[in-house]
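S.K.: sequence first, predicted model second:
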Amino acid sequence: MRMNKKAYYRIADSMMFFLVFVIVGVCIAIGVYVFYFHEIDIRYEEAKILSDKLVDVVDKNGVLNEKVLDKDFNILKQARLEEKIIDNNYYYFQLEIFKNKESVRDAFVQGNMFFETWCGLKMDDKVRCFERELILKDYNIKILTASNQLGADI
Amino acid sequence: MKDFVDKMKKRGIGGPLMENLVYILFAVVFLMMMFLGVVRAGSSSTLYEQIYAKQIVLVIDKAEPGIEVKLDIYDLYNLARENKFSGEVVKIGNTENKVSVKVVDGKGYDFYYFNDVNIVWSLDKKERKLYLKFVEKEDGEENKGEEVFNENE
């Protein structure tokens, strides 16, 4: 079988031409991305603010706000948290109240439930968490908050 | 098709000249695309949009009703002027709980806050400041929607 050498070299030339374009393009894109890419991550601060807002509700000058123990207590309203935003998969909080190591009421839980597991596994790339424990006289309060709102890519 | 190629060859179109022209055309298009991409990525406008949107959201999330805040957004106005952008650089949507910052034509940068308060806000273009006033929501009241007051040109 005879090979059409002229045609082969013509095609090889074009292929090399495009290959060089692709290599140069990819290199420039990687360089620009590394040099200019900045991500401002405020997830930890958001989780902390969320936790502060919950503390403001349960802590009444160093003692537990007894209203929190009511079955119908609306913690979202009292902490001034917008339900639709908390439930949009960016946030999570869990607040548990203990007395003598026994839970005194159902935990307040809101938001993306996966975050609890991810916080336990310390998956910082997926979610940033803030955990704190308060002692208000006879009560122990455990608060876990998490945020995963990174915003759009630049 | 063969007729068309023959015709082109007869007219002197095609062959090495045509090949080179196509190569040059591809090279120019490629270089222009790379140039635009680098210019867009190299501009700090998008980064500033992100920084300011997130800072404003943190202020809003931390705020309590009754608080009034004055934020310096001098850099945002400067960037908007450099980019010849004449729209509003900051927008706060009470209904969507969203802060939008935009200093260049495009979609801008949006970020959401979770604080359930009504925000009365205004932009002072003269002093280049953003005024925020946090108001308690009445029982059962829906978000009022943004309310702009005292916008100084």
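M.R.: That came through, no problem. What you see is a predicted model, and the numbers here were worked out from it, not measured in a lab.

S.K.: okay, now residue 88: neighbour count?
M.R.: Using chain A. By the criterion of other C-beta atoms under 10 Å in any protein chain shown, A:Asn88 has 15 neighbours. No exception for glycine: its C-beta is placed from N, CA and C like everyone else's.

S.K.: let me rephrase: I mean chain B.
M.R.: 15.

S.K.: which residues does it contact?
M.R.: B:102, B:123 (C-beta atoms under 8 Å, 6 or more residues apart in numbering or on different chains).

S.K.: so where's the chain shaky on pLDDT?
M.R.: Answering for chain A, as no chain was given. Scanning chain A for pLDDT under 70 picks out A:1-10, A:35-37, A:153-154.

S.K.: wrong chain, I was asking about chain B
M.R.: For chain B (pLDDT under 70), the answer is B:1-16, B:40-43, B:139-153.

S.K.: my read: A:Leu64 touches A:Arg105, true?
M.R.: No - between A:Leu64 and A:Arg105 there is no contact under C-beta atoms under 8 Å: 11.0 Å.

S.K.: over to residue 27: give its phi and psi.
M.R.: All of this refers to chain A. According to degrees, to the nearest 10, the main-chain angles of A:Cys27 amount to phi -60, psi -50.

S.K.: sorry, I should have been clearer: chain B.
M.R.: Backbone geometry at B:Ala27, expressed as degrees, to the nearest 10, gives phi -60, psi -40.

S.K.: who does B:Ile92 form a beta bridge with?
M.R.: B:Val99 (DSSP bridges).

S.K.: OK, contacts around it?
M.R.: Counting by C-beta under 8 Å, 6+ apart, B:Ile92 has contacts B:56, B:60, B:98-100, B:119, B:121, B:132, B:146.

S.K.: centroid-nearest residue for chain B?
M.R.: Nearest to the geometric centre of chain B sits B:Gly108, at 2.1 Å (C-alpha atoms, centre = their mean).

S.K.: now that one: closest residue in space, sequence neighbours ignored.
M.R.: B:Lys102 (3.2 Å; C-beta to C-beta, 6 or more residues apart in numbering or on different chains).

S.K.: pull the number of nearby residues for A:Ala107.
M.R.: So A:Ala107, with other C-beta under 10 Å, has 12 neighbours.
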